[in-house]
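Enquirer: quick one: sequence plus predicted model below, questions after.
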Amino acid sequence: ETGVTQSPTHLIKTRGQQVTLRCSSQSGHNTVSWYQQALGQGPQFIFQYYREEENGRGNFPPRFSGLQFPNYSSELNVNALELDDSALYLCASSLPGTSGGDTQYFGPGTRLTVL
Amino acid sequence: SQKIEQNSEALNIQEGKTATLTCNYTNYSPAYLQWYRQDPGRGPVFLLLIRENEKEKRKERLKVTFDTTLKQSLFHITASQPADSATYLCALLSNQAGTALIFGKGTTLSVSS
């Protein structure tokens, strides 16, 4: 069973640029959630995808957008980067409706630095 | 809005003692609560889930309690070891999406030998 993987591991961008982060969910998991974790804080929910449709969104502006593909992998896109977007971006996959399906399995994260 | 608080940012204890971490929440009645462990620079790792109709759950040296009246969960690590040193996150099922979670800031546990 392959765990959740994310790429890239680290990324440095400048203000105003755009970035795409990628996530491969655990085998068979149809739900992917994205979280932003600033230094010293807990993860904050950005949005969730279930079977290629956005299934809910946290308090993040529209310049944060995403996609989920038929193989359930996912992308997080951030436009017009701001300094405050510097954080660890975490992807988590799950399989709701099954035994143990409420557990979220996190990837190692992508560390984004905006200069 | 839903709010979750972990009372201590840091907890230092000696090896062999029991560590007790607290998680309080307001403005919500979650169907379940989860605890995760996070090591520096890594993603959170699931430890335990406790549902609203369960009072207590155990897994090896870990124990979680859930008091829906007090709106509080306690997380215990018995016979703590230096390898238990990490940040522990409490998380509630959010009302923003199917299985989205709201996390506390975490408590960083340091176990000294």
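Expert: Done, it's in. Numbers count the residues shown, from 1 in each chain, chains lettered A, B, ... in the order given.
Enquirer: spatially nearest residue to whatever residue of chain B ends up closest to chain A (excluding sequence neighbours)?
Expert: Per CB to the nearest CB, the residue of chain B with the smallest distance to chain A is residue B:97, at 2.0 Å. (Each C-beta comes from the backbone N, C-alpha and C, glycine too.) Here the nearest residue to residue B:97 in space, its sequence neighbours aside, is residue A:56; by CB to CB, 6 or more residues apart in numbering or on different chains that works out to 2.0 Å.
Enquirer: buried sites along the helix or strand encompassing that neighbour?
Expert: Counting by DSSP states H and E, the element that carries residue A:56 is strand A:53-57. For strand A:53-57, burial by neighbour count (16 or more other CB atoms under 10 Å in any protein chain shown) applies to A:55, A:56, A:57.
Enquirer: repeat for stretch A:106-115
Expert: Residues of stretch A:106-115 classed as buried under the neighbour-count rule (16+ other CB under 10 Å) are A:106, A:107, A:108, A:109, A:110, A:111, A:112, A:114.
Enquirer: contacting residues around the helix or strand bottoming out on mean pLDDT in chain A?
Expert: For chain A, counting by mean pLDDT, DSSP states H and E, strand A:53-57 ranks last in confidence among helices and strands (a mean of 91). For strand A:53-57, the surrounding residues in contact (CB atoms under 8 Å, 6 or more residues apart in numbering or on different chains) are A:31, A:46, A:47, A:48, A:49, A:66, A:68, B:94, B:96, B:97, B:98, B:100.
Enquirer: please indicate which of those has the highest neighbour count?
Expert: For the contacts of strand A:53-57, neighbours were counted using other CB atoms under 10 Å in any protein chain shown, and residue A:48 has the most, 30 neighbours in all.
Enquirer: right, and residue B:45 touches residue B:37 too?
Expert: Yes. Between residue B:45 and residue B:37 there is a contact under CB atoms under 8 Å: 5.0 Å.
Enquirer: out of the two, which sits in the more crowded spot?
Expert: For residue B:45 versus residue B:37, the count of surrounding residues by other CB under 10 Å is larger for residue B:37: 18 against 13.
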